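**Student:** A structural model of the following input is requested.
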Amino acid sequence: MFWNNNKKLTEEELELSKKCQEEAEHLYRSGKYHCAEAVMETIRRHFAADLPESIVGTVSGFGGGSGSGCICGAVSGGTVALGLILADKKETMQLTKDLHVWFKEKYGVTCCKTIRAKNDKGICPVLTGEVTGKIAEMLKRKSP
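**Tutor:** Next up is the predicted model:
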């Protein structure tokens with residue numbers, strides 16, 4: 001793994017993860033962003049603020065499981081955000097895999113339709129925030 005999952009979070013890592021989680025959830029609840037967009041915008045703001053907000057449009061098709069209920073939009077948007085921030089393809093692939101493993105452990109599946117069938121839509125802003133917080137944690141803790 002490129003990040004140490006067993007390492008205790010520093011206060012700074014914990015604070016950034018929580019801030020990103022809350023911000024992404026807020027963006028989703030605002031109605032201006034859906035799941036993938038909220039993840040991407042929050043990660044852009046904290047890890048690539050020099051990039052224009054218009055970059056968020058690259059994930060607009062991922063909301064609601066890419067419109068068909070397939071893979072969770074927050075996970076899809078998070079995958080693109082990882083690729084945006086990381087310069088190394090191998091590292092991006094590994095952190096994407098780690099994100100999927102973490103998400104499946106937490107929710108059982110990455111399928112939007114299945115998650116929403118077992119929960120009400122109110123789960124979406126919460127998991128959007130959680131995915132964003134996890135990505136922030138991973139990016140902050142990744143090995144140099």
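
**Student:** buried sites along the strand or helix carrying residue 74?
**Tutor:** Using DSSP states H and E, residue 74 sits in helix 73-85. By 16 or more other C-beta atoms under 10 Å, the buried positions in helix 73-85 come out as 73, 74, 75, 76, 77, 78, 79, 80, 81, 82, 84, 85. The way it works is simple: take the backbone N, C-alpha and C, and place the C-beta from them, glycine included.

**Student:** ranges for the helices of the protein?
**Tutor:** Per DSSP state H, the chain carries helices over the ranges 11-30, 35-47, 63-64, 73-85, 89-107, 112-118, 123-141.

**Student:** weakest of the ones you listed by average pLDDT?
**Tutor:** Among these, helix 63-64 carries the lowest mean pLDDT, at a mean of 83.

**Student:** now for that one, which elements pack on it?
**Tutor:** helix 35-47 (3 or more C-beta pairs under 8 Å, 6 or more residues apart in numbering; DSSP states H and E).

**Student:** mind redoing it with 6 Å?
**Tutor:** When contacts are defined as 3 or more C-beta pairs under 6 Å, 6 or more residues apart in numbering; DSSP states H and E, helix 63-64 packs onto no helix or strand at all.

**Student:** That one: how far from the chain's middle?
**Tutor:** Relative to the chain's own centre, helix 63-64 is displaced by 13 Å; criterion: C-alpha atoms, centre = their mean, to the nearest Å.

**Student:** quick one: contacts of that helix?
**Tutor:** Helix 63-64 has contacts (C-beta atoms under 6 Å, 6 or more residues apart in numbering) with 34, 35, 36, 73.

**Student:** and which of those residues is nearest residue 129?
**Tutor:** Lowest distance from residue 129 to the contacts of helix 63-64 (C-beta to C-beta) belongs to residue 35, with 9.8 Å.

**Student:** circling back to that earlier point, so which of the contacts of helix 63-64 is surrounded by the most neighbours?
**Tutor:** residue 36 (32 neighbours; other C-beta atoms under 10 Å).
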